[in-house]
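In: coordinates only, sequence not included:
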């Protein structure tokens, strides 16, 4: 075999190895990551241990509408900076209609028909509502005042059989203007005078109950539009 032939064979072998190596080391182009699916936890009572077992950091967390969060579960959510919502939360863009604002809704004591009325009012409003389920008026009031004072919401509505007690408790916090809603005309009058950011309402007859809620959300929305105009 001639010297040139040997050199050609060596070069060919080296080139062949280089091509094989380049082909094997090629890094695949990563595909865009799919959006992490939401995890819904709808246990009757949700504790910290339940969250630790079922929640994964990459997933959006949804809590069942009737699930009760224990104090340890709430601490877990705060400690881990978990963004969560209720499973059937109805949220409309706060920017719509000039920015109607973000409100909280607490149906503490309400019948099925009353809940249907309130859901219809919320759906037809131009407000951004977040529904919270709690065990008692005191818990609803404490949660609402905390959210209002830290700027996470612009107002709150609590449906309770103890509206006076709830409003009185809310007014212990500086910066909270709590009132009891008794009829649509009273809501209009009090809104002009005090501009409440906390309303306590008792469920009455469905028609009148709907009128009161409509008065609250419409006055709040119109007031918000004036602020942002």
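Out: In hand now; what should we look at? Only a predicted model underlies this, so the values are computations on that prediction, with no experimental measurement involved.

In: Nearest residue to the middle of this protein?
Out: Central residue of the chain (CA atoms, centre = their mean): residue 85, 3.9 Å from the mean position.

In: right, and that one touches residue 62 too?
Out: Yes. With contact defined as CB atoms under 8 Å, residue 85 counts as touching residue 62 (5.9 Å). The way it works is simple: take the backbone N, C-alpha and C, and place the C-beta from them, glycine included.

In: Let me know the helix or strand that the residue nearest to the centre of the chain is in.
Out: For residue 85, the host element (DSSP states H and E) is strand 84-86.

In: what packs against that strand?
Out: strand 60-63, strand 128-131 (3 or more CB pairs under 8 Å, 6 or more residues apart in numbering; DSSP states H and E).

In: which of those strands is buried the deepest?
Out: A comparison of the helices and strands packed on strand 84-86 by mean neighbour count, using mean count of other CB atoms under 10 Å, puts strand 128-131 on top with a mean of 21.

In: Direction included, what does that one pair up with?
Out: strand 102-107 (parallel) (DSSP bridges).

In: who's in contact with the strand it pairs with?
Out: 94, 114-115, 118, 122, 127-134, 140, 143-144, 147, 152-160, 217, 220 (CB atoms under 8 Å, 6 or more residues apart in numbering).

In: ok, how many other residues are close to the closest residue to residue 171 other than its chain neighbours?
Out: Spatial nearest neighbour of residue 171, chain neighbours left out: residue 178 (4.7 Å); criterion: CB to CB, 6 or more residues apart in numbering. By other CB atoms under 10 Å, 25 other residues sit near residue 178.

In: Many thanks, have a good one.
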